[in-house]
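Peer 1: Sequence and computational prediction follow.
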Amino acid sequence: MSIVCHYNEIGLKGNNRRFFEEKLIENIRTVLDRDFFSKIKRISGRIIIELTLLGEKNKKEIEKKLKNVFGLANFSFVRETKQDVGEIERLVFEILREEEFKTFKIFTQRSNKNFNLTSQEINKIVGEFVVNNLRKKVKLENPDITIFIEIVDNKAFVYLEKISGPGGLPIGVSGQGLVLLSDGIDSPVAAWQMMKRGMKVSFIHFYSYLDHEKEVIEKVKKIVTILSKYQGPSTLYLIPFKEIQKSILEEGTRDCCLICKRTMFKIASEIAQKKYINALITGDSLGQVASQTIENMKITEERTDLLVLRPLIGFDKQETIKRAREIGTYDISIVQTTFYCQGRLPKHPCTKGNIKQVKKMEKGLVNENLISVAINNLERVKTGH
Ligand code: ATP
Ligand code: MG
């Protein structure tokens, strides 16, 4: 038994196609148990995974893993035979004998154009065979089952089910990003959205919790572990932030959130640049809170030279929550925590900051020394092994 993997978007990428396909194969290799397959190869715009006997016994586990591999549009467990219509009929018969159904249709794709029958002709011949030998009815709209036949390379594949993959692009084809990861709902989803577009991400979390710092760090690690399912082992940078927050809040300025976010951007970019990462990612969504107005986002990103990506900018909270549930981070994200600044924030944080004023204020509150102390005390954690 093999698995035939289909991808949509990658097929369109012209000269880059090979690079994309190789990344996808590499990523499939990373997630699958080495004992489950004997070979993975590319043929005619598809990836074929040849399973071992052990692999055949672990279909559910393989399915679970492949569902998280970005770049896969869909995949199917297939049986294969020779490119001979009699052999195809025999295999179809064998597969259908185990199925209960009344109506069916055949859907053939032929990428080996040298095969002597067209897709339509194969549909017709095999269709008649099923009608005559199994006494079933053809129904083109909503049949009980669809029999897929693919004529690829020098083989014929037959299967009944296409399993949806997550779509997107293979991790690693779109460079690297550093996600500013809070312990909330939004930023884990933002990370996932970028992974989906082929970006390998690392994470940075600033902590300044009250009594239960350790628990919060464990919570953030759990979130990263879940996200690692989609991209493999991940790096998380933990930055102590309480001293910086204390200093910012002492002043009682309405711009405190802006200065705080700017400082996060500053520290994140220093770390990103050392690691040759050139994009920062946040979970901002337009207008969600005072620091997420267009004026204030402009002010915060002024503190970094790196590209700032905000994949949730047009998401409603409900859409983000739905996605967080699907990804599996929601239940952890909603566990309540208290950041140092909570209860100390101004009643009316500024929604339209003034850059000159913010910079002037910031100079007095967050000096270079505070920033280097935070960076020097960072902790680097690898998760998802
Ligand atoms: P989230 O649900 O991701 O916490 P939020 O809606 O609560 O977002 P804010 O708290 O204003 O919004 O944070 C906006 C973004 O800033 C977050 O999505 C995240 O990218 C970043 N951020 C906030 N707090 C932290 C933190 N402690 N460490 C790292 N990044 C943070
Ligand atoms: Mg938050």
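Peer 2: On my side now, so go ahead. Numbers count the residues shown, from 1 in each chain. Ligands and ions are numbered 1, 2, ... in the order given.

Peer 1: who's in contact with the residue in the stretch 101-250 of the chain positioned nearest to ligand 2?
Peer 2: Nearest residue of the stretch 101-250 of the chain to ligand 2: residue 184, at 3.4 Å (CB to the ion). Glycine gets a C-beta too; all of them are placed from N, C-alpha and C. The contact partners of residue 184, taken as CB atoms under 8 Å, 6 or more residues apart in numbering, are 283, 333.

Peer 1: where are the low-confidence patches of this structure?
Peer 2: Residue ranges of the chain with pLDDT under 70: 9-13, 385.

Peer 1: how about the helices of the stretch 151-300 of the chain, start to end?
Peer 2: Taking DSSP state H, counting those that start in this stretch as the test, the helices found in the stretch 151-300 of the chain are 186-196, 213-231, 242-250, 256-274, 294-301.

Peer 1: Please identify the deepest-packed of these.
Peer 2: Burial of these is given as mean neighbour count (mean count of other CB atoms under 10 Å); helix 186-196 ranks first at a mean of 25.

Peer 1: quick one: that helix to helix 213-231, angle?
Peer 2: Regarding helix 186-196 and helix 213-231, their directions subtend 20 degrees when assessed with axes from the mean of the first three to the mean of the last three CA atoms, to 10 degrees.

Peer 1: Give me the helices and strands touching helix 186-196, please.
Peer 2: Other elements packing on helix 186-196 under the criterion 3 or more CB pairs under 8 Å, 6 or more residues apart in numbering; DSSP states H and E are strand 176-180, strand 200-207, helix 213-231, strand 279-281, helix 317-327.

Peer 1: Contacts for the longest one next, please.
Peer 2: Put plainly, it is helix 213-231. When contacts are taken as CB under 8 Å, 6+ apart, the neighbours of helix 213-231 outside the stretch itself are 68, 70, 166, 171, 181, 183, 188, 191-192, 195, 200-201, 203, 205, 207, 209, 234, 236, 238, 327-329, 332-333, 335, 337, 381, 383-384.

Peer 1: can you do 7 Å?
Peer 2: When contacts are taken as CB atoms under 7 Å, 6 or more residues apart in numbering, the neighbours of helix 213-231 outside the stretch itself are 68, 70, 171, 181, 183, 188, 191-192, 195, 200-201, 203, 205, 207, 209, 234, 236, 238, 328-329, 332-333, 335, 337, 381, 383-384.

Peer 1: Report the contact partners of the residue lying farthest from the centre of the chain.
Peer 2: Note on the chain: the largest separation between a C-alpha and the mean C-alpha position, by CA atoms, centre = their mean, falls on residue 132 (46.2 Å). For residue 132, no residue meets the contact criterion (CB under 7 Å, 6+ apart).

Peer 1: Report the separation between it and residue 96.
Peer 2: Between residue 132 and residue 96 the computed distance is 13 Å (CB to CB, to the nearest Å).

Peer 1: what's the answer for residue 110, then?
Peer 2: Going from residue 110 to residue 96 by CB to CB gives 21 Å.

Peer 1: same deal with residue 304?
Peer 2: Between residue 304 and residue 96 the distance, using CB to CB, works out to 60 Å.

Peer 1: count of neighbours near whatever residue of the stretch 201-350 of the chain ends up closest to ligand 1?
Peer 2: Scanning the stretch 201-350 of the chain for proximity to ligand 1 using CB to the nearest ligand atom identifies residue 283 as nearest, at 2.5 Å. By the other CB atoms under 10 Å criterion, the neighbourhood of residue 283 contains 25 residues.

Peer 1: so what's it up against?
Peer 2: Taking CB under 7 Å, 6+ apart as the definition of contact, the neighbours of residue 283 are 182, 186-187, 189-190, 312.

Peer 1: redo that, cut-off 6 Å
Peer 2: With contacts defined as CB atoms under 6 Å, 6 or more residues apart in numbering, the neighbours of residue 283 are 186-187, 190, 312.

Peer 1: what's the answer for residue 103, then?
Peer 2: 137, 139, 143-144 are the contacts of residue 103 under CB under 6 Å, 6+ apart.

Peer 1: so it bridges to which residues?
Peer 2: With DSSP bridges as the criterion, residue 103 is bridged to residue 137.
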